[in-house]
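Colleague: got a predicted structure here, sequence first:
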Amino acid sequence: MKREFLIDNSKIMKMVNKKIEQGEKVRTDKKKESKKSINENKLLRNILIVLGIILAGATFSFFISNEPPEFNYRGVNFSVVTFCDAKPCLKTYNTKIPVIYEGKKADYNFYLRNDPRTLEEKVPFEGDLNLKGDMIVDITFEQSCQGYEAVAMDNFGTLMRVLEVNVTADKSVSCDLDGNSMHVLIQEGDETIINKIGPACYVINIEGCEIVSGVERFMTETFVEINK
């Protein structure tokens, strides 16, 4: 009887050990499967992130590339013209003014750096524009802005010359209260804004180096006025 008990006990121990080994194998397999699942989830997440970035970029490019090449701003026609002779490309907003050149009708092209639609919100114009044949310009803006100040004033002067406005630079002359001539003061200020201070007198305040924005805002009002 004792011998049979020992044999049976040995069999039981073998069965127990086998069960333990099977259990450890199951746990090991589960750990491997869990680790594999985590790695697969990370890979899937990374793939989705990359796809999201690609999709966002493609959507942005779609809207940029589908920007209307032409639009009308308060009765003035503009077209978007991009110059890529040098990088980065320069996007401009072109409008034309009819002129007489060598006895023939022609168009003079102006290329603005700012979209006139957003410029209207960015730079307030307090008052209306009253164009005259004579203009006194007083420039006290003396900041160096990487040459942008020269670009702004050159475009401003060209516009007045095309419109055959007689422009004089004079710091000693103030606003003509009778409204016979225009007076434009371009100066530094706490914000970029244009204020009408007399019948045909204007102050263009420039914050920092926003001189192109300030001057082009005045120019867009001029385009609108001459198009009426």
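Modeller: Thanks, I have the structure now.
Colleague: now do the contacts for Phe83.
Modeller: 89-90, 92 (C-beta atoms under 8 Å, 6 or more residues apart in numbering). In short, each C-beta sits where N, CA and C put it, glycine included.
Colleague: ok, now Gly103?
Modeller: Counting by C-beta under 8 Å, 6+ apart, Gly103 has no contacts.
Colleague: per-residue confidence at it?
Modeller: The score at Gly103 is 84. That number is its pLDDT.
Colleague: Gln143 now?
Modeller: 93.
Colleague: and stretch 124-138, how far out from the chain middle?
Modeller: Centre-to-centre, stretch 124-138 and its host chain are 28 Å apart (C-alpha atoms, centre = their mean, to the nearest Å).
Colleague: what of stretch 124-139?
Modeller: 28 Å.
Colleague: cool, and stretch 197-204?
Modeller: For stretch 197-204, the distance to the chain centre is 30 Å (C-alpha atoms, centre = their mean).
Colleague: mind saving the C-alpha coords of that stretch as CSV?
Modeller: Provided in CSV are the C-alpha atoms of stretch 197-204 (Å, rounded to 0.1, in the frame of the first residue of the first chain):
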residue,chain,number,x,y,z
ILE,A,197,-7.2,116.5,-40.2
GLY,A,198,-8.4,119.1,-42.7
PRO,A,199,-10.4,119.5,-46.0
ALA,A,200,-7.6,117.7,-47.9
CYS,A,201,-5.0,117.1,-45.1
TYR,A,202,-3.8,113.7,-43.9
VAL,A,203,-1.5,112.3,-41.3
ILE,A,204,-0.1,108.8,-42.0
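Colleague: can you list contacts of it?
Modeller: With C-beta under 8 Å, 6+ apart, stretch 197-204 has contacts from 127, 129-132, 175-179, 181-187, 194-196, 214-215, 217-218.
Colleague: list the ones among those residues that fall in strands.
Modeller: Members of the contacts of stretch 197-204 lying in strands (criterion: DSSP state E): 182-187, 194-196.
Colleague: in TSV, list those along with pLDDT, neighbour count and distance to Asp85.
Modeller: Below are the ones in strands among the contacts of stretch 197-204 laid out as TSV (pLDDT from 0 to 100; neighbours: other C-beta atoms under 10 Å; distance: C-beta to C-beta, whole Å):
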residue	pLDDT	neighbour count	distance to Asp85
Met182	97	25	36
His183	97	23	38
Val184	98	21	33
Leu185	97	20	36
Ile186	97	24	30
Gln187	97	14	34
Ile194	98	22	32
Asn195	98	15	38
Lys196	98	15	39
